[in-house]
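S.K.: based on what follows, work out the 3D shape:
(one chain, ligands or ions: 2)
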Amino acid sequence: MSTVSCCHRMHSRSCYMILTLAILCNCVVLFYLVHKQNDIEVRESGPQRNELQRNLNNLAISYASQNPVVSAFEGEVTIVIIEFEMFENDIPGTVRSILKVFPLIRIIIVSHKRPYPPLDLPNDNVQLVLQDTPVDQRQSTGRPENYINTPYVMVVPDGTRFMTNYLPNNVLKTLKKLEKTSVKIVAVPVESRVKTQCDNLKVDLKRWTMEYSASVNQSGNFKLCGFISPDPVVILKSAFLHSLSVPYVRPFLQGLFIQASVHHILTKLLYMKSFSKGTELFTNPHNQWKHDRNFRKRLIDLYKRFGIKKIVTTTGKIEWFGCNRDTQRCFGTVVDDIPEYIYLSKWTPPCCLKNLRETAKYVFQLLDQSNVKYWLEGGSLLGAARYKDIIPWDYDVDIGILRDDVKKCQFLQKADDLSRTGSKFVDSSGFVWEKAREGDFFRVQYSQFNHLHVDIFPFYERNGIMTKNTWFKTHRQDTEFPAHFLKPLTRIEFVGIRASAPNSVKEFLEYKFGKGVIENPQYPNAEKLKKKLSLNQQYKIAKIGS
Ligand code: ZN
Ligand code: MG
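M.R.: Ligands and ions are numbered 1, 2, ... in the order given. Model (predicted):
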């Protein structure tokens, strides 16, 4: 009895063992096959490989269309790769690693022109979008948004590797939880020798300025950032991305973070995790140089497009992207005393203010040295009284001098002499002196190219009244005034120095502009501006307060 049952027991044990062995064998065979297929994908190349890949994909797609096995991630996310160099990239490796984890996902490669040398990519799943639409193609073919029908977009830096579906799924899940908050982007770093940097980013369009500062907004496993470097993987809603002014601008992440900051939108950085990285790019110094040069050029174009002329870094260093001595000034001829940037809801570009200050200081110093009496006039004196500086939306600096003093300053005298021939001259510091063609006054320009300027108006006394020969109809403040305001002159803080000014500044300003002018800032020619605005609703003027 006991032997039988023992034998029976033994028999069933060997059954288990055989079964287990068979399952194991199956697993090994399956594993080998899967591996073999991956090997083929990696090793084979050229049209043969494409053919194979296409067949595999077609199979997968037809299978998927009959069977609901498209994973949630594949159904909801389109992968976009936009940031890469044609001369050296890891796009094929990146694409293959993504397709290995998500065989059915849609991948879009965005490029300005057809990549050369051509990218070795599978034909299915991957769509190449050429932004500079060839002349014989529809404009719509060049817009990536026309190829995206998933609710989410994941933008992946060149060289990223997907190892498993865990991290991508996790990032998507994190983003979904952020619904209805001001955090609309989730980012994960890509392996790098450089430490991931998370900064706050403040964009002030009115002042053409962008300011970085160190972010302290962090918790155990995430940080909230306005800007992240080096390039992370980001995921966001397609609708949000496509609501931006230029969704697919390059450099992509700089463009995205700036546009997000304009709308006060933050990025959640999951800094405890990171995506793997494939081959190291630009190990050849020449290619690194080429990449840096291209990147810089794209960045400058981006700042120009977004109207960013001044950047303050986290360390407080200032980078300028606006006008300088060798370029034109940032705005054209001023009509009706209203510079064009006011119609753009902006104030004077900071580079122009900086260059104007420099010109003003130079002129004041020169006049002081030549014993020419000068005083701040109109808007410049108003700026001094209000801000100790140029009014933030003013476009020049105006001063008065005594007409009899012209001969004391060799540059003024020379400009006066040259005016008969209609010419001007450049002094040894690069400033340009001329007698204005518009009337009896002098103008000192920042440089031959950059016409930011200080206007110098020669006044003379007649019966206790200071008068001159040229008047501007649009300038309310351009009037005669009692000579006692100049007897004596005083000093007032302006553009960082103590500039010469009429005495009784407040009285002088109210005499010229009207009562309460210091306390109540107004744009120049405000009446005309209002009329123009009501004629054209699309104008929106920057608020003076704030
Ligand atoms: Zn400028
Ligand atoms: Mg002025």
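S.K.: okay, CA-based contacts and neighbour counts for the rest of this
M.R.: Noted.
S.K.: quick one: the strands in the stretch 201-350 of the chain?
M.R.: 209-214, 223-225, 227-229, 233-237, 266-269, 276-277, 310-312, 318-320 (DSSP state E, counting those that start in this stretch).
S.K.: the stretch 1-150 of the chain too?
M.R.: Using DSSP E, counting those that start in this stretch, strands in the stretch 1-150 of the chain cover 77-81, 106-111, 126-130.
S.K.: how about the helices in the stretch 51-200 of the chain?
M.R.: Using DSSP state H, counting those that start in this stretch, the helices assigned to the stretch 51-200 of the chain run over residues 72-76, 91-101, 166-177.
S.K.: any low-confidence regions in this structure?
M.R.: Counting by pLDDT under 70, the chain contains low-confidence ranges at 1-68, 474, 533-541, 545-546.
S.K.: let's see that with 90 instead.
M.R.: 1-69, 122-124, 215-220, 336-337, 420-422, 436-440, 469-478, 522-546 (pLDDT under 90).
S.K.: what does it have sitting close to ligand 1?
M.R.: When proximity is defined by CA under 5 Å from the ion, the chain lies next to ligand 1 at 323, 329-330, 351-352.
S.K.: try 8 Å
M.R.: Taking CA under 8 Å from the ion, the part of the chain that reaches ligand 1 is made up of 309, 322-324, 328-331, 348-353, 355.
S.K.: of those residues - the most surrounded one?
M.R.: The most neighbours of any of those, using other CA atoms under 10 Å, belong to residue 349, which has 27 neighbours.
S.K.: gap between that one and residue 274?
M.R.: Distance, residue 349 to residue 274, using CA to CA, to the nearest Å: 40 Å.
S.K.: pull out the buried residues from stretch 210-223.
M.R.: For stretch 210-223, a neighbour-count test (16 or more other CA atoms under 10 Å) marks 210-215, 222-223 as buried.
S.K.: most widely separated two among the residues you listed?
M.R.: Spanning the widest gap among the buried residues of stretch 210-223 are 210 and 222, at 24.3 Å by CA to CA.
S.K.: coming back round to it: I'd like the strands of the stretch 1-150 of the chain laid out as TSV, including distance to residue 260 and mean neighbour count.
M.R.: Shown next, in TSV, are the strands of the stretch 1-150 of the chain (distance: least, CA to CA, whole Å; neighbours: other CA atoms under 10 Å):
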stretch	distance to residue 260	mean neighbour count
strand 77-81	18	22
strand 106-111	20	22
strand 126-130	24	19
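S.K.: tell me which of these sits nearest to residue 408.
M.R.: Closest among the strands of the stretch 1-150 of the chain, once you apply CA to CA, is strand 106-111, at 62.6 Å.
S.K.: could you say what helices and strands the closest one packs with?
M.R.: Applying 3 or more CA pairs under 8 Å, 6 or more residues apart in numbering; DSSP states H and E, one finds that strand 106-111 contacts strand 77-81, strand 126-130.
S.K.: JSON lines for these, including distance to residue 231?
M.R.: JSON lines is the format used below for these (distance: least, CA to CA, whole Å):
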{"stretch": "strand 77-81", "distance to residue 231": "12"}
{"stretch": "strand 126-130", "distance to residue 231": "21"}
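S.K.: closest one to residue 244 among the ones you listed?
M.R.: Closest among these, using CA to CA: strand 77-81, at 16.1 Å.
S.K.: contacts for the closest one next, please.
M.R.: Strand 77-81 is contacted by residues 105-110, 148-158 when judged by CA atoms under 8 Å, 6 or more residues apart in numbering.
S.K.: tell me the contacts of the residue of the stretch 351-500 of the chain found nearest ligand 1?
M.R.: The stretch 351-500 of the chain approaches ligand 1 most closely through residue 352 (3.6 Å), counting by CA to the ion. By CA under 8 Å, 6+ apart, residue 352 lies in contact with 322-323, 329-330, 395, 452.
S.K.: what's the answer for residue 111, then?
M.R.: 82, 128-131.
S.K.: if we go to 6 Å?
M.R.: residue 130 (CA atoms under 6 Å, 6 or more residues apart in numbering).
S.K.: who is it paired with across the strands?
M.R.: As for beta bridges, residue 111 partners with residue 130 under DSSP bridges.
S.K.: contacts only, for residue 94.
M.R.: 159-161.
S.K.: switch the cut-off to 10 Å
M.R.: 81, 156-162, 277-279 (CA atoms under 10 Å, 6 or more residues apart in numbering).
S.K.: cool, residue 168 as well?
M.R.: Going by CA under 10 Å, 6+ apart, residue 168 touches 73, 77, 101, 154, 162, 174, 188, 233, 235, 275.
S.K.: name the nearest residue to the most centrally placed residue in the chain, sequence neighbours excluded.
M.R.: Nearest to the geometric centre of the chain sits residue 303, at 4.5 Å (CA atoms, centre = their mean). Once flanking residues are discounted, residue 303 sits nearest to residue 309: 7.0 Å by CA to CA, 6 or more residues apart in numbering.
S.K.: my guess is that neighbour contacts residue 209. True?
M.R.: Yes: assessed by CA atoms under 10 Å, residue 309 is found in contact with residue 209 at 6.0 Å.
S.K.: anything in contact with each of those two?
M.R.: By CA under 10 Å, 6+ apart, the residues touching both residue 309 and residue 209 are 303, 320-321, 349-350.
S.K.: check which residues of stretch 388-408 are buried.
M.R.: Within stretch 388-408, judged by 16+ other CA under 10 Å, the buried ones are 388-403, 405-406.
S.K.: among the residues you listed, name the ones in helices.
M.R.: The members of the buried residues of stretch 388-408 all map outside helices under DSSP state H.
S.K.: what comes up buried for stretch 517-526?
M.R.: Buried residues in stretch 517-526 (16+ other CA under 10 Å): 517-518, 524.
S.K.: cool, stretch 169-186 as well?
M.R.: 171-172, 174-175, 183-186.
S.K.: what's the closest non-adjacent residue to residue 334?
M.R.: Among residues not flanking residue 334 along the chain, residue 340 sits closest, at 7.0 Å (CA to CA, 6+ apart).
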